[in-house]
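**Student:** Here's a sequence, model it:
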Amino acid sequence: MLKTLLVDDHMLFLDGLESILESYEGLALLPPVTRGKEALEIVLNNEVDFLITDLNLPDISGVDLVLKIKRAKPQIPILVLSMDCDRREVKSILNAGAEGFMLKIAGKQELCKAIHKIINGGTYYSSEITAIMMEIIKNASESNVSSTYLTAREMEILDLICKEYSNKEISEKLFISVSTIETHRSSMFCKTGSKNVVGLVRYAVENALVAW
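**Tutor:** Numbering: from 1, shown residues only. Presented below is the predicted three-dimensional model:
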């Protein structure tokens, strides 16, 4: 059971989110909080396995919360929720290292899909977020780093990672073992200077290497 902390300053939304996730198999909900600083203190001083947070918090921004948690406990996956967002916020969340970013207009089914992807080692970005990523790629004047650093197989895997495929799904699609995928991922981490899957997604977006 993953000890899961919910953070949002709107109690009505927080109650609804808690109600939806109470029956989600594999999650053990901790008492939710309404302030980012309180969430940070809980994460730093207790065992927390998964964090779902609002982007716009009254005391510190969701971006700052993600940054501070990722610096202290990078292994904790984070899903960020927001009423709306712009290009700057999408890039900020990617740079902060959150594994997921979606809008609050999403339904229960999409939320559960996002959680499933993230807690199984993947990433999830809603269609609205992906559209902004496409805009970022379209407006990229030139790749900062040549894609020739990556092999053809690594480019295939990177494309599927950006499309939120899990290791198991990539394995089935490319007919290679999960251990082989892990080897390729480790190689890509070294070549791109990434520390995790989010770093690979950020690298792909910044260098316009994938077609969303």
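**Student:** Was I right to think residue 47 contacts residue 4?
**Tutor:** No: Residue 47 is beyond contact range of residue 4, at 11.2 Å (criterion: C-beta atoms under 8 Å). Where you see a C-beta, it was placed from the backbone N, CA and C, and this is true even at glycine.
**Student:** Point out where the protein drops to low pLDDT.
**Tutor:** Residue ranges of the chain with pLDDT under 70: 138-148, 211-212.
**Student:** Spell out, range by range, the helices that occur in it.
**Tutor:** 11-21, 36-45, 62-72, 87-96, 108-119, 127-138, 152-162, 167-174, 178-192, 197-206 (DSSP state H).
**Student:** Pop out the phi and psi values for residue 193.
**Tutor:** When read as degrees, to the nearest 10, the backbone of residue 193 gives phi 70, psi 20.
**Student:** contacting residues for it?
**Tutor:** For residue 193, the contact set (C-beta atoms under 8 Å, 6 or more residues apart in numbering) comprises 199, 203.
**Student:** again with residue 81
**Tutor:** Contacts of residue 81 by C-beta under 8 Å, 6+ apart are 8, 52, 53, 54, 55, 102, 103, 104.
**Student:** got a markdown table for the helices of the chain, with mean neighbour count and distance to residue 78 too?
**Tutor:** Listed next are the helices of the chain as a markdown table, based on neighbours: other C-beta atoms under 10 Å; distance: least, C-beta to C-beta, whole Å:
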| stretch | mean neighbour count | distance to residue 78 |
| --- | --- | --- |
| helix 11-21 | 14 | 15 |
| helix 36-45 | 17 | 10 |
| helix 62-72 | 19 | 5 |
| helix 87-96 | 19 | 8 |
| helix 108-119 | 18 | 8 |
| helix 127-138 | 16 | 14 |
| helix 152-162 | 18 | 17 |
| helix 167-174 | 16 | 20 |
| helix 178-192 | 16 | 19 |
| helix 197-206 | 22 | 9 |
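**Student:** Identify the residue nearest the geometric centre of this protein.
**Tutor:** Central residue of the chain (C-alpha atoms, centre = their mean): residue 99, 1.4 Å from the mean position.
**Student:** just to revisit the earlier point, kindly reformat the helices of the chain as TSV and extend each row with distance to residue 27.
**Tutor:** Putting the helices of the chain into TSV (distance: least, C-beta to C-beta, whole Å) gives the following:
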stretch	distance to residue 27
helix 11-21	6
helix 36-45	16
helix 62-72	18
helix 87-96	22
helix 108-119	8
helix 127-138	22
helix 152-162	24
helix 167-174	20
helix 178-192	24
helix 197-206	20
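**Student:** ok, for residue 153, nearest residue in space, not its chain neighbours?
**Tutor:** residue 184 (6.3 Å; C-beta to C-beta, 6 or more residues apart in numbering).
**Student:** typo on my end, it should be residue 188
**Tutor:** residue 154 (5.3 Å).
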